[in-house]
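> From the sequence below, what's the structure:
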Amino acid sequence: MDIYDSVVLGAGQAGLSASFHLARRGVRHLVLDADEAPGGAWQHRWDSLSMADVHGVHELPQAPGEQEARPPARDERPANRAVPAYFADYERHHDLPVLRPVRVDRVTDGPDGLLTVHAGARSLTTRTLVNATGTWSQPYVPAYPGARDFDGLQVHTRDYPGAEAFRGLRTVVVGGGASAVQLLGEVALVTETLWVTRREPVWRTDDFTPEVGRAAVALVEDRVRRGLPPASVVGVTGLALREQERAAAALGAYDRQPMFASMEPGGVRWADGRFEAAQAVVWATGFRPAVRHLAPLRLRSPEGGIRLDHHGTTAVDDPRVQLVGYGPSASTVGANRAGRHAALGVLRALAAGPDAADQAG
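This next block holds a predicted model:
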């Protein structure tokens, strides 16, 4: 039986970072990626999102003396082209062992303290696992009465087709995060919009300094240490308008309304009976961590999340498993740090031997 020291699930920023650090430490591993091409979730983002819009991505880890090759922050190319090209070059340059497309169905306990990764008719045996599956494959759309009866267009952020698809359609944008703000900035320029959120949006008036970022990450880290479902860093730091969204603001696009109570064929209705006609709804309601395939390992706490150790990557209930791009590491800079910590966690689990799972807690 061929046994890997580690298997990495996902070849986005977190997975590539973990693979780089594993390779540098001589850990025999394989990276399984569900996509047919490099780029992680970035290859699926909407065409109008440029590198300038996202303020660039943090560079992937480099060997000493290597030149940085990431797309510049002011690059006007679509992010769904620039970042995948960067990731593809990185995979080739470092000869990372990425196998695609491979969609993992589940991970189970195998014999002798090993783990078995099931992917269709294929199964792999490994001593440790690094889960870097992110959130893109798990869009979240809340359930509302009458949603199936609505006869207009409904799309989630993941499937956003561009502003032109909404021209002439009175559009409700649902969600209180950065994606809702960005999409309103586009859609409000081509049609009438209505913004609804469950809570009042919190606008950031100060600069997003490194100190503010570290404080926000610390709050998310505290949640995962307590076994709570991870919150987004943006949800902690608040919202800010970019320059290209000023025109939408002048049109009143960011005059927020409370969440409606139900949907009808021609619009949405609030609990007090107020009705607003609409022909389209954009659900900018976020994503959930893609961890269903880990269910057989029973890692979820009673609070609904997966408890991580003080390093922020090792599953407390099974130290054979590392999670990167989860909770505080769900950002490009956080993913890099998590990749290094995950590699060290793998080394600790390998040193502990097949009884690593029994040392949990």
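
> So which residues of the stretch 151-300 of the chain form strands?
With DSSP state E, counting those that start in this stretch, the ranges of strands along the stretch 151-300 of the chain come out as 153-156, 171-174, 193-197, 257-258, 262-264, 267-269, 275-277, 280-283.

> could the ones you listed go into CSV alongside distance to residue 4?
C-betas here are computed from N, CA, C, even on glycine. Output for the strands of the stretch 151-300 of the chain, formatted as CSV (distance: least, Cβ to Cβ, whole Å):
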stretch, distance to residue 4
strand 153-156, 35
strand 171-174, 43
strand 193-197, 45
strand 257-258, 51
strand 262-264, 48
strand 267-269, 50
strand 275-277, 55
strand 280-283, 39
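
> what helices or strands is the longest strand out of those in the chain leaning on?
Assignment by DSSP state E gives strand 122-131 as the longest strand of the chain. Applying 3 or more Cβ pairs under 8 Å, 6 or more residues apart in numbering; DSSP states H and E, one finds that strand 122-131 contacts strand 3-9, helix 13-24, strand 29-32, strand 115-119, strand 321-323, helix 332-352.

> Okay, buried residues for the longest one please.
Along helix 332-352, these residues count as buried under the neighbour rule (16 or more other Cβ atoms under 10 Å): 332, 334-350, 352.

> Identify the residues contacting stretch 69-86?
37-40, 42-60, 89-90 (Cβ atoms under 8 Å, 6 or more residues apart in numbering).

> same thing but at 10 Å, please
12-13, 16, 35, 37-60, 62, 87, 89-90, 93, 332 (Cβ atoms under 10 Å, 6 or more residues apart in numbering).

> May I see the PyMOL selection of the buried members of these?
To isolate the buried ones among the contacts of stretch 69-86 in PyMOL, judged by 16+ other Cβ under 10 Å, type:
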select buried, resi 12+13+16+35+38+39+40+41+42+43+45+46+48+49+50+51+52+53+54+56+57+59+60+87+90+332
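
> and of the helices and strands packed on strand 122-131, who's closest to residue 242?
Residue 242 lies closest to helix 332-352 among the helices and strands packed on strand 122-131, at 17.8 Å (Cβ to Cβ).

> Could the C-alpha coordinates of that closest one be exported in PDB?
C-alpha atoms of helix 332-352 as PDB (Å, rounded to 0.1, in the frame of the first residue of the first chain):
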ATOM      1  CA  THR A 332      -4.100  35.700   1.000                       C
ATOM      2  CA  VAL A 333      -1.700  36.900   3.700                       C
ATOM      3  CA  GLY A 334      -3.300  34.700   6.400                       C
ATOM      4  CA  ALA A 335      -3.200  31.700   4.100                       C
ATOM      5  CA  ASN A 336       0.600  32.000   3.700                       C
ATOM      6  CA  ARG A 337       1.200  32.100   7.400                       C
ATOM      7  CA  ALA A 338      -1.200  29.200   7.900                       C
ATOM      8  CA  GLY A 339       0.600  27.100   5.200                       C
ATOM      9  CA  ARG A 340       3.900  27.400   7.200                       C
ATOM     10  CA  HIS A 341       2.100  26.500  10.500                       C
ATOM     11  CA  ALA A 342       0.400  23.600   8.800                       C
ATOM     12  CA  ALA A 343       3.600  22.100   7.600                       C
ATOM     13  CA  LEU A 344       5.000  22.400  11.100                       C
ATOM     14  CA  GLY A 345       1.800  20.700  12.400                       C
ATOM     15  CA  VAL A 346       2.300  17.900   9.900                       C
ATOM     16  CA  LEU A 347       5.800  17.400  11.200                       C
ATOM     17  CA  ARG A 348       4.600  17.200  14.700                       C
ATOM     18  CA  ALA A 349       1.900  14.700  13.800                       C
ATOM     19  CA  LEU A 350       4.500  12.600  11.900                       C
ATOM     20  CA  ALA A 351       6.800  12.600  14.900                       C
ATOM     21  CA  ALA A 352       4.000  11.500  17.200                       C
END
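
> any idea how far the residue positioned nearest the centre of the chain lies from residue 289?
Geometric centre of the chain, nearest residue: residue 135, 3.9 Å, by Cα atoms, centre = their mean. Distance of residue 135 to residue 289, given as Cβ to Cβ, to the nearest Å: 6 Å.

> is it true that residue 319 touches residue 353?
No - contact criterion Cβ atoms under 10 Å: residue 319 and residue 353 do not qualify, at 11.4 Å.

> Neighbour count for the two, which is higher?
The neighbour comparison of residue 319 against residue 353 (other Cβ atoms under 10 Å) goes to residue 319, with 21 against 10.

> And that one, which helix or strand is it part of?
Using DSSP states H and E, residue 319 sits in no helix or strand.

> What does the pLDDT read for it?
At residue 319, the pLDDT value in this model is 96.

> Equivalent analysis for the one 4 residues further on, please.
Per-residue confidence at residue 323 stands at 95 (pLDDT).
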